[in-house]
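Student: predicted model follows, preceded by the sequence.
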Amino acid sequence: MTWMGINTVRIDEVLELLAIANEKRFNAYQVALLSNESDIEAVNDYLIYKAQGRFASLSAKIETLCEANNHPDEHFDIGDQLPNYEIECRICGDEYVPDIDNSHLVFYFTNEFSEAVKKKQLTLSKQMVAI
């Protein structure tokens, strides 16, 4: 199936592989690279789609980047206002005021999705042993 010109089946396969590998956070650039998709915006839109609604398999957060060293730092819910005061980078200790222009969107798997993928993987492994 294609959605906005991207191969969503391949993207879903990549997401399952990331969940099996216990990846904790990822972004559209990583998923696009792993799924051989060149349209990062379309991949991002698809990931956002998968983070919406009652049966969402992903959650999305805004990740601020430390201005001094570009470290990935704090995470905020989409729709929440970023702080307008200095915060300390958890990696280098430099202080910066979070700015939406110096942030990016990151995704996490829901617990339900991770558990379902691991259960599927276990079932497939047992079937392979039975063969």
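Tutor: On my side now, so go ahead.
Student: can you tell me the SS state at the residue nearest the centre of the chain?
Tutor: For the chain, the residue sitting closest to the mean C-alpha position, by CA atoms, centre = their mean, is Phe107 at 2.3 Å. Here Phe107 is strand, with the state taken from DSSP: H, G, I helix; E, B strand; the rest coil.
Student: may I see the buried residues of the helix or strand hosting Val31?
Tutor: Assigned by DSSP states H and E, Val31 falls within helix 28-34. Across helix 28-34, burial judged by 16 or more other CB atoms under 10 Å covers Ala28, Gln30, Val31, Ala32, Leu34. The way it works is simple: take the backbone N, C-alpha and C, and place the C-beta from them, glycine included.
Student: which two in those are spaced the farthest apart?
Tutor: Ala28 and Leu34 (10.8 Å; CB to CB).
Student: ok so, going back, the helix holding Val31 - contacts with which helices or strands?
Tutor: helix 8-20, helix 40-49 (3 or more CB pairs under 8 Å, 6 or more residues apart in numbering; DSSP states H and E).
Student: ok, which of those comes nearest Ile91?
Tutor: helix 8-20 (22.8 Å).
Student: nearest residue to Glu16 in space, please, no chain neighbours.
Tutor: Using CB to CB, 6 or more residues apart in numbering and skipping residues adjacent in sequence, the residue nearest Glu16 is Val117, 5.0 Å away.
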